[in-house]
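> Okay, predicted coordinates and the sequence, questions at the end:
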Amino acid sequence: MTFLKRALPVAVLMSLPLPVMAQDMVRDSQLPGARLSPLPLGGSQQVTSGSAFNPDISIIVDTVYFNEFSGHVDDPAGFEGGHSHGHGHDHGHGLDDGFNLREIELAFSASVDNYFDAFVMLALDEHSIEVEEAYATSRNLPAGLQIKVGKFLSDVGYINAQHPHDWAFVDRPLVNEFLFGDHGLQEKGVQLTWMPNTPFYSRFGLELLQGETEGIASHVGSGRVSHVTVTPNPDTGNPERQRWRDDNPFNDVSGPRLITGFAKFGPDLGFDHAAQFGISYGYARGFQRDDLHSSLHYETWDGDAWFAGLDAVYKYSAGRSHGQGDLTLQGEYFYRQIDADFREFRFSGVNNGRLEETNHLSGKSRQDGLYIQGLYGIAPRWQLGLRAEALGLTNENALVEDDGFASFGTSYRYAGNVTFRPTEFSMLRGQVNRSDFATDNGEDGDGWSFMLQFQMALGVHGAHQF
Amino acid sequence: MYKWLIGLALLVLTATAQAAVNVVATTPAMGMLVETVGGDAVSVRVLAPADRDAHYLQARPSMMAALRGADLVVSVGAELEVGWLPAAIRGANNPEVFPGRPGYFEAAAQVELIGVGGPADRALGDVHPAGNPHVNMDPVRMAEVAHALAERLARFDAGNAERFRANAQAFDREVQARLPIWQARVADAPGVVFFHEDADYLAKRLGVPVLGYVEPLPGIPPTARHLRDLVRDLEGRDGVVIRAIFHQERGPRFVAEQLNWPVYALPLDPEVGATADDYFDLIGQWVDAMAGRL
């Protein structure tokens, strides 16, 4: 009502259609976070709802201090190629030693109309904007059906659909990062889910996806492969441009290339306990990857891929204040198989040479990984977390540069952390990681790192899925 | 084969036609109200037990299963369940109970709230500019909600509309009959320190002064400094300290010991499955506690 008192004289002065405006203001004042739109100078002939239709906005800022204080680990053996950072340039999963502004999540949500709700999340770092998710969900389908359209995080597994601010650890589990990608299984497409009306929770989903996630549905398509370099002319010594170009050996595989399915079950365990179990599967009808070396050596993998996974979560709620005594246990296992033709080529000739195939073999790459983690509320607002991970328990015929196919050992990582949440809107977390990675060159794959994370949430009060 | 299928379909159809209105209530107090107004024409599932802070729950798969089959969800509202109910509704694939649809009912939206339009600045704690959500602690507002709920239930079961209205009226009369008794019991109550702003509605209704809060800001656990300040400010006065059972014990006990006041721990909700009488008993306990005679 204070809004009204303040706004009334102004409205009178400006001789606006008073009753309508006043009514709008009262309604506005009941919307959390809504503000009155400023009255246009000099009056207006227009009655407008101004910013009242703005979506709910929340901003989550994620900063991390990272220090690899002992040893150094690159990507786990057998998984280098499936990772955009490849070649070990960008180790530590995108974190530099020292302070990092890892990500700013900008989330918008609103109803589009009577038929759709929409959610958009942009991930900003200091240099770029990425569309993390942008999708609409149906509001009207009967019989427990729901359609999701747009770009979204797949609902396979448990952690895949979570945004980084939902994680109980600073970093993404290895299995999710290396079997799928840096953003998990994040794709454009359509999802249909069905929840039968059963006394226990059950949910079935089918996703038809474009197929761009590097780890499972990497795509190159037909195109040219070229290499340009400048070398001194053997006679004159002047720099001379050398160029090699040819068609790559790939065929276009039209999208959608990836189909996934999942099922989740949650028995009713009363008020104190909750559990959810899930199975998921996915098939990519195109898996294409290439690698051109500066030595004019060109490698391609062309085939298809599938994955299957199991996930389980258990939560105990102690009913004490601020999460004290609460326990969460969570684990996931994923298996991936890539069935691919491996071909090696070499550019022949000094200049303008063509690709010549030097090697052709086919094989299956079988890899898997798992993590298991536990969280416990040691005191009000304080949480202790432990996580153990294994990647490449099966690590056979992994796709690798230079070798085509080779087998590797298992990589392990252990993490322990303490999280303090002053309120629901801010969070401070200290984490120590111990990595024991398999390597392909006989080097020591051991390392210790320390991370300190500060996260804050501005804007609307978010609600978290189970 | 076909006959068998048709028979089954008919069975399902008749079962649905005769079934009570399927209501999911977020808290036991709301469940009590639905049960009181709806009688046996409704079947109620309650999502949160009485010993939990309904603001800090997490969405559980079983909540989604309950919401999947619900005709109507009855919540306290005003963002009390904001951390989990929207997620549970989204995860339930049941558009009938989406906010804005007839299947979504907020008690707080039916009555006038206190604390509306406060500053939307979280430096002041977990504030709710939409208003204090704990309307279930005011029996008079609950009676208003009961009337609104009767009308809402009538949309799902028009045949029982008069019964719903009569039940709401009966609840209202019981509240009105008890109100003077409660008021008399706290007539000379010197004042109360709550842990959180969760019983302000009751104190205001009965005219008991709220002298302070054990938590320094909404949602922030008590600090030593705040407790010292509170004790200093209230030194020499009479009063009682009351906390909800899920709040920590230490802060309230310290204040009570320093001031030599009684301290009580009471639930904010009756047990799941409670009747109106159980709810009135709970309010009676709060009344007695405020009077220092529990």
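Yep, it's here. Source: prediction; values computed, not measured.
> Can you pull the domain assignment for the chain?
All of this is about chain A. Residue ranges for the domains of chain A, per automatic domain parsing: A:1-31, A:57-459.
> if you could check chain B rather than the one you did, that'd help
B:19-178, B:187-290.
> B:V24 sits in which helix or strand?
Secondary structure assigned from DSSP states H and E places B:V24 in strand B:21-25.
> got it, and A:T229?
Per DSSP H and E, the secondary structure element for A:T229 is strand A:224-232.
> Mind listing residues that contact that strand?
Outside strand A:224-232, the residues within contact range by CB atoms under 8 Å, 6 or more residues apart in numbering or on different chains are A:238-248, A:290, A:292, A:294, A:296, A:298, A:347, A:355. To be clear about C-beta, it is placed using only N, CA and C from the backbone, and glycine gets the same treatment.
> Show me the shaky parts of the chain.
Since no chain was named, I'll use chain A. Applying pLDDT under 70 to chain A picks out residues A:1-46, A:81-93, A:350-352.
> Can you look at chain B instead?
B:1-19.
> what ranges do the strands span in it?
All strands of chain B, identified by DSSP state E, fall at B:21-25, B:42-46, B:72-75, B:104-106, B:192-194, B:210-213, B:240-244, B:263-266.
> Of these, flag the one that's most buried.
When you average the neighbours per residue for each of the strands of chain B (mean count of other CB atoms under 10 Å in any protein chain shown), strand B:72-75 leads with a mean of 28.
> returning to that earlier point: I'd like the domains of chain A laid out as TSV, including distance to B:W84.
As requested, the domains of chain A are exported to TSV (distance: least, CB to CB, whole Å):
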stretch	distance to B:W84
domain A:1-31	21
domain A:57-459	11
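> so who does the residue positioned nearest the centre of chain A touch?
Against the mean C-alpha coordinate of chain A, by CA atoms, centre = their mean, the closest residue is A:H183 at 2.5 Å. By CB under 8 Å, 6+ apart, the contact list for A:H183 reads A:130, A:132, A:153.
> repeat for A:R102
Counting by CB under 8 Å, 6+ apart, A:R102 makes contact with A:62-64, A:94-95, A:125, A:164.
> Any idea how many residues pack against A:R320?
18 (other CB atoms under 10 Å in any protein chain shown).
> what's the strand holding B:V24 packed up against?
Secondary-structure packing of strand B:21-25 (3 or more CB pairs under 8 Å, 6 or more residues apart in numbering or on different chains; DSSP states H and E): helix B:28-38, strand B:42-46, strand B:72-75, helix B:139-156.
> The same query, at a cut-off of 10 Å, please.
helix B:28-38, strand B:42-46, helix B:61-68, strand B:72-75, helix B:85-90, helix B:139-156 (3 or more CB pairs under 10 Å, 6 or more residues apart in numbering or on different chains; DSSP states H and E).
> Distance to B:A291 for those - can I get that in a markdown table?
As requested, the helices and strands packed on strand B:21-25 are exported to a markdown table (distance: least, CB to CB, whole Å):
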| stretch | distance to B:A291 |
| --- | --- |
| helix B:28-38 | 22 |
| strand B:42-46 | 30 |
| helix B:61-68 | 37 |
| strand B:72-75 | 31 |
| helix B:85-90 | 35 |
| helix B:139-156 | 16 |
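> Run a quick neighbour tally on the residue of the stretch 101-250 of chain A found nearest chain B.
Using CB to the nearest CB, A:Y201 is the residue of the stretch 101-250 of chain A that sits closest to chain B, at 3.5 Å. A:Y201: 26 surrounding residues under other CB under 10 Å.
> partner residues bridging it?
Beta-bridge pairing of A:Y201 under DSSP bridges involves A:G266.
> Now do the contacts for it.
A:195, A:264-268, A:274-277, A:466, B:60-66, B:68, B:91-92 (CB atoms under 10 Å, 6 or more residues apart in numbering or on different chains).
> With A:E212 instead?
A:181, A:186-189, A:218-219, A:255, A:257-258, A:284.
> Take the residues you listed and keep only those in strands.
Those of the contacts of A:E212 lying in strands (DSSP E): A:186-189, A:258, A:284.
> In JSON lines: the domains of chain B, plus distance to A:V149.
Below are these laid out as JSON lines (distance: least, CB to CB, whole Å):
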{"stretch": "domain B:19-178", "distance to A:V149": "15"}
{"stretch": "domain B:187-290", "distance to A:V149": "37"}
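> Deepest-packed of these, please.
domain B:19-178 (a mean of 21).
> For chain A, what is the nearest residue in chain B?
Nearest to chain A, among the residues of chain B, is B:P61, at 2.6 Å (CB to the nearest CB).
> Distance check, the nearest residue to that residue once chain neighbours are set aside against B:R228.
Leaving aside its sequence neighbours, B:P61 sits nearest to A:G266 (CB to CB, 6 or more residues apart in numbering or on different chains; 2.6 Å). According to CB to CB, to the nearest Å, A:G266 stands 46 Å off from B:R228.
> Hmm, A:Y414 and A:F169 touching each other?
No - the pair A:F169 / A:Y414 is not scored as a contact, 11.1 Å apart, by CB atoms under 10 Å.
> shared neighbours of the two, anything?
Joint contacts of A:F169 and A:Y414 (CB under 10 Å, 6+ apart) are A:386-387, A:389, A:433.
> circling back: mind giving me CSV with the contacts of A:E212 and columns for neighbour count and distance to chain B?
CSV is the format used below for these (neighbours: other CB atoms under 10 Å in any protein chain shown; distance: CB to the nearest CB, whole Å):
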residue, neighbour count, distance to chain B
A:G181, 22, 25
A:Q186, 21, 19
A:E187, 28, 20
A:K188, 17, 21
A:G189, 23, 19
A:S218, 23, 31
A:H219, 20, 32
A:G255, 18, 27
A:R257, 26, 27
A:L258, 28, 23
A:A284, 28, 27
